[in-house]
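> Just a sequence and a predicted model for now, questions to come.
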Amino acid sequence: MAKDTIKILQTNKKAYFNYEVVEDFECGIALKGTEVKSIRANKFSYGDSYVKIENHSLILVSLHISAYSHASIENHEIIRERRLLAHKQEIKRMKRKVDEKGMTLVPTQVYIKGNLVKVRVSVCRGKQEHDKRNTIKDRDMKRDMRREMKNYNR
């Protein structure tokens, strides 16, 4: 397996619907052995997870990683705070962005890069209700247009 190979495990679709993504950062994540195996088996979910900045470090809160089925009694906690790994300058930049009104840090993607588990953390701004309705309307129009083009080409 090449070092630059990227395998996307899950994308946080709810975050893209509820937030407008301003900027993305790639972070590593500090995991235990059984957590890595569960993530590789795609046994995790975002739920209402978010990232907070504490003591100049990033903390991933409420990412649900299911217990590994083949583990012994030394399995990991399902929901716990996990530390994200990023450069100090990136953390400072994120902190400046989040201090602006209405900005938050949300995990938007979990993927494997080489043999490491990575998390894409995005600086996001919350969408208003009318923006969400416009997103739904645009998605429906694109779907209808694809359907019409498919029927037209037959």
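Thanks, I have it. Note that the coordinates shown come from a computational prediction; the quantities given were computed from them, not determined experimentally.
> Report the separation between residue 66 and residue 48.
Distance from residue 66 to residue 48, counting by Cβ to Cβ, to the nearest Å: 17 Å. Where C-beta positions appear, they are placed from N, C-alpha and C, glycine not excepted.
> Please give me every residue in contact with the residue at minimal distance from the centre of the chain.
Centroid check for the chain by Cα atoms, centre = their mean gives residue 108 as the closest residue, at 2.4 Å. Contact analysis of residue 108 by Cβ atoms under 8 Å, 6 or more residues apart in numbering lists 11-12, 15-16, 21, 24, 120-122.
> Going along the chain, name the helices of the chain.
13-18, 33-40, 88-98, 129-152 (DSSP state H).
> Pipe these into CSV and attach distance to residue 80 and mean neighbour count per row.
Output for the helices of the chain, formatted as CSV (distance: least, Cβ to Cβ, whole Å; neighbours: other Cβ atoms under 10 Å):
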stretch, distance to residue 80, mean neighbour count
helix 13-18, 20, 15
helix 33-40, 9, 19
helix 88-98, 21, 14
helix 129-152, 31, 10
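> Is it possible to get the ones you listed out as JSON lines so that each row also shows distance to residue 77?
Converted to JSON lines, the helices of the chain look like this (distance: least, Cβ to Cβ, whole Å):
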{"stretch": "helix 13-18", "distance to residue 77": "23"}
{"stretch": "helix 33-40", "distance to residue 77": "9"}
{"stretch": "helix 88-98", "distance to residue 77": "25"}
{"stretch": "helix 129-152", "distance to residue 77": "34"}
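> Using TSV, please lay out those helices together with mean pLDDT.
Shown next, in TSV, are the helices of the chain (pLDDT from 0 to 100):
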stretch	mean pLDDT
helix 13-18	91
helix 33-40	90
helix 88-98	95
helix 129-152	91
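> Which of those helices sits closest to residue 56?
Of all the helices of the chain, helix 88-98 sits nearest to residue 56, with 6.1 Å by Cβ to Cβ.
> Now do the closest one: which elements does it pack against?
Applying 3 or more Cβ pairs under 8 Å, 6 or more residues apart in numbering; DSSP states H and E, one finds that helix 88-98 contacts strand 19-29, strand 50-54, strand 57-61, strand 103-113, strand 116-126.
> Could you spell out the sheet neighbours of the third one, each with its direction?
Taking DSSP bridges as the criterion, strand 57-61 sits next to strand 50-54 (antiparallel), strand 82-85 (antiparallel) in its sheet.
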